[in-house]
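1. Build me a model:
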Amino acid sequence: MPMTSEHRAVSEQERPELEPDDRDPDAKEEGDHRSRRSFLFFGALAAATVLPKQARAQGRVRQRAVLEPQPDQQFATARVTENIAAFREWDASGVTRLVRRVTNGIIPGEITKATDLGWNGYLNYQLNYSRINDDACEQVISSMWPLMSQTSDTLFAANAEQVRNQLRESTLFRASFSKRQLYQRMVEFWTDHFNMDVDKVQYLIVADQRDVIRKHALGNFQDLLKASAHSAAMMAYLDQNTSRNTAPNQNYAREIMELHTLGVDGGYTQTDVAELSRVLTGWTIQGRGQFTFNPNIHDSGAKTVLGMSIPGTSGSDGILEGEKAIDMLVNHPSTAKFIAKKMLKWLLTPEPTDTQINAVAAAYRATKGDIKTMIRVILNESWLNAAPMKLKRPFHFLASALRSLAPTVASITTVNNQLAALGHVQFAWDTPDGYPDKVEYWAGNIVPKWNTASSIANLNSSTTVLVDTSAYRAAGTTAAAIDMIDQNFFGGEMPLVTRNGLLNYAGTTALNESRTRELLALAMSSNAFQWY
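-> Take a look at the predicted model:
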């Protein structure tokens, strides 16, 4: 495939052992001593994955994605504290922190660019994503996943599993290898914000991802909300297409207020939900996935939503009632604060202050929801340098591993399967609130991440994914190889404890391919690689 980087997921039986074998003569010389050292160090890194010098709670993973964790996986049950200071070594370069936060994985090329452009220059570079030439990535998307550009009519006739797989694989590929990294991070954010389960909406989700989420991810919230409200996939997911004047369905009316705009404490009541559901009658779907307004099923009586009187309207003008109500929600002060707080949690800190929320909400109000402006307020140098680390969710972890490994990709199919074991299958969260962005939920994925790191590091197939270790082995010394790992995986800011662990594990014998792959796996399993 014409792009560097990807990974092949392997089954439990296929996972390469870390024990000495016939392929590693050096390992056989060290025998049981190295075997025990490998196990102890790998286990120590895994156990340290949560918080520096702190135990971690086991996150609960939905059964749809992965089996419930077993008791022996629960290394600790102490409360997880989210407000974790960054590693001491991360203080070396403020701009490196910005790269960590706006990308799905820190790599040397991004560090160089950010250093050259400076803080604001690099942030503007990533925000103005349409100016970034991403043709190489998009050419791969068009070649490997052609259904992603098709109409809903075409997708309806396609194999449902093929549509679902192409959506998931292309999403992971873009997150890993697109040069438009901040854009990809916001695509993930808004995908969760306007969450829907592909099992329910099927092929309709492709157009929603393409024409709603990706089109407006760094645009204007008002445009994004309206596009979502006119999405056939959203209509189907929240049962708006079943709503009638004789029996209004309240699902979409409730979620657009609770999850999309005002927030659960945003000041609406159940009466407002009922009234808004009446306003939205007639908003439905026709054909194979086209939004339409049907005046024959619209409630033309007078309504009152959040204190705003909406005179009854009949005929085709009935759609204007819903448009008016959505405009009111966009401009509501609760929406400004709700969106501000949620974006702050995603990009900056799990516990934003009132001052931070008010500042971002003011930017929302001043620009009528301009997403780029809000991000500029959030990612200022002062706030970010003082912000705690955030734990990578499994999707983020996998994408960052692929970015650091920079493999040659021929197929991503089996790589994507790793997300099932990690509990983070894209478009599979069945409730409308989206996957959690909380360390307590994900901190229990130590062993699955460990297994994934081992699997990815050992990818060596020209027909799927090929991780080339030759540069590390040609570095000259073990220390030089670890210096390369530092640059490729940690942006030159590998914590000393990680470096010493890798050096002690590698020993003084010249690196062969097997041991080099183990070092890569251990680096990805380290505590420092789990955070950004």
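2. any idea how far the residue most central in space within the chain lies from residue 406?
-> The residue lying closest to the centre of the chain (C-alpha atoms, centre = their mean) is residue 188, at 4.5 Å. Going from residue 188 to residue 406 by C-beta to C-beta, to the nearest Å gives 21 Å. Yep, even glycine has a C-beta here, placed from its N, CA and C like the rest.
3. so how far is stretch 241-253 off the chain centroid?
-> Between the centre of stretch 241-253 and the centre of its chain there are 32 Å (C-alpha atoms, centre = their mean, to the nearest Å).
4. Using CSV, list the CA coordinates for that stretch.
-> Provided in CSV are the C-alpha atoms of stretch 241-253 (Å, rounded to 0.1, in the frame of the first residue of the first chain):
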residue,chain,number,x,y,z
ASN,A,241,-38.4,9.2,11.9
THR,A,242,-41.2,7.4,13.9
SER,A,243,-42.5,10.6,15.5
ARG,A,244,-46.0,11.7,14.5
ASN,A,245,-48.4,14.5,15.4
THR,A,246,-50.6,11.9,17.0
ALA,A,247,-47.8,10.3,19.0
PRO,A,248,-44.6,12.5,19.2
ASN,A,249,-41.5,10.6,20.0
GLN,A,250,-39.4,12.4,22.6
ASN,A,251,-36.0,10.7,22.1
TYR,A,252,-34.4,13.3,19.8
ALA,A,253,-36.0,16.2,21.6
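5. pretty sure the residue nearest to the centre of the chain belongs to a helix, no?
-> Yes. Under DSSP: H, G, I helix; E, B strand; the rest coil, residue 188 falls within a helix.
6. Check it and give its pLDDT.
-> Here, the pLDDT recorded for residue 188 equals 98.
7. Settle this for me: it is touching residue 176, isn't it.
-> No. Residue 188 is beyond contact range of residue 176, at 12.0 Å (criterion: C-beta atoms under 8 Å).
8. I'd like the distance between residue 278 and residue 415.
-> For residue 278, the distance to residue 415 (C-beta to C-beta) stands at 47 Å.
9. more neighbours, those two?
-> For the pair residue 278 and residue 415, the greater number of neighbours falls to residue 415 (29 against 22), based on other C-beta atoms under 10 Å.
10. Determine the set of other helices and strands touching the host helix or strand of the more buried one.
-> Assigned by DSSP states H and E, residue 415 falls within helix 413-416. Judged by 3 or more C-beta pairs under 8 Å, 6 or more residues apart in numbering; DSSP states H and E, helix 413-416 is in contact with helix 160-177.
11. rerun at 10 Å
-> Here helix 413-416 touches helix 160-177, helix 394-405, helix 446-457, strand 465-466, going by 3 or more C-beta pairs under 10 Å, 6 or more residues apart in numbering; DSSP states H and E.
12. and the helix or strand following that helix, what other elements does it pack with?
-> Where DSSP H and E defines the elements, the next helix or strand beyond helix 413-416 is helix 418-422. If contacts are counted by 3+ C-beta pairs under 10 Å, 6+ apart, helix 418-422 sits against helix 160-177, helix 394-405, helix 446-457.
13. Relative to residue 318, which of those is closest?
-> Of all the helices and strands packed on helix 418-422, it is helix 160-177 that lies closest to residue 318, at 33.4 Å by C-beta to C-beta.
14. relative to helix 394-405, how tilted is that closest one?
-> Between helix 160-177 and helix 394-405, the angle comes out at 60 degrees (axes from the mean of the first three to the mean of the last three C-alpha atoms, to 10 degrees).
15. Next one: residue 299 from residue 446, what distance?
-> On the measure of C-beta to C-beta, residue 299 and residue 446 end up 52 Å apart.
16. Alpha carbons only: can I get the helix holding residue 415 in PDB?
-> What follows is helix 413-416, C-alpha atoms only, in PDB (Å, rounded to 0.1, in the frame of the first residue of the first chain):
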ATOM      1  CA  THR A 413      -8.100  -4.900   8.600                       C
ATOM      2  CA  THR A 414      -6.600  -7.000  11.400                       C
ATOM      3  CA  VAL A 415      -5.100  -4.000  13.100                       C
ATOM      4  CA  ASN A 416      -8.500  -2.500  13.600                       C
END
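17. can I assume residue 315 is in contact with residue 294?
-> No. With contacts counted by C-beta atoms under 10 Å, residue 315 stays clear of residue 294, the gap being 11.2 Å.
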